[in-house]
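> Got a sequence here, can you model it:
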Amino acid sequence: MAMNNEKLKRTRRKAGHRFPAGLCFFCLLVVHFSLLIVSFHVQGEETKEPEFVVKNGYHFGTCAGYCNAELVVEDRKVTFKKFSQPPDSRYPPVEVTRYLKPFEYNILKNLLEAAEFASAQDKYGCPDCYGQGTEWLEVTTPQVERRIEMDFNATPVPVESLLNFLRRMRAELDGNNR
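Got it, this is the predicted structure:
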């Protein structure tokens, strides 16, 4: 009997420390909504569309060495790649990533707005005819989706300033990795 009384006291003591059902339900709701908010926040970051994507590069059909290069600017992120085609161990692939400085970002945005994509042709010259190489400019913004091909180092007037800016950036990143 003494043992049963002791057990009864422990049970009563434990029972006295229980949370009210309403408080438990409230805690579960708070946790649930917190997880939903975090989930929406993370999903929003993953699916955020870039403000712009700009690509500029070149390709030479017949060449030895680094015959291909591409600069990709996606908002503030800049990636430069160059490689040989076919792959050659003497010319290993190069990839460099950096971020635009605030003034570079503003310049690029202004150049994108000033470029006259509507008056630009899809093709200038005879890209990569006779091995002289081809260069391209590809722009994707909410207002514009355009790809322009040209002879290597040709500078079409409607996108001249934008091309010159991108070529300088490409040369800078290429020059730092020779």
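> Tell me who's in contact with the residue nearest to residue 119 when sequence neighbours are not counted.
Leaving aside its chain neighbours, residue 119 sits nearest to residue 158 (4.9 Å; criterion: CB to CB, 6 or more residues apart in numbering). In short, each C-beta sits where N, CA and C put it, glycine included. Contact analysis of residue 158 by CB atoms under 8 Å, 6 or more residues apart in numbering lists 115, 116, 117, 119, 120.
> Pull the contacting residues for the first one.
To tie it back to what came earlier, the one meant is residue 115. Taking CB under 8 Å, 6+ apart as the test, what residue 115 contacts is 139, 158, 159, 161, 162.
> Next, count neighbours for the last one.
Residue 162 sits with 24 neighbouring residues when counted by other CB atoms under 10 Å.
> Point to the helix or strand of this structure where mean pLDDT is at its lowest.
Sorting the helices and strands of the chain by mean pLDDT, DSSP states H and E puts helix 21-46 at the bottom, at a mean of 52.
> what comes up buried for whatever helix or strand residue 146 lives in?
When elements are assigned from DSSP states H and E, residue 146 belongs to strand 145-151. Residues 148, 149, 150, 151 are the ones in strand 145-151 that count as buried (16 or more other CB atoms under 10 Å).
> The first one and residue 100, how far apart?
By that I understand residue 148. 22 Å (CB to CB, to the nearest Å).
> is it true that residue 148 touches residue 124?
Yes - Residue 148 is in contact with residue 124 according to CB atoms under 8 Å; the separation is 7.2 Å.
> how much space between the residue most central in space within the chain and residue 147?
Centrality entry for the chain: nearest residue to the mean C-alpha point is residue 74, 4.6 Å, by CA atoms, centre = their mean. Distance, residue 74 to residue 147, using CB to CB: 16 Å.
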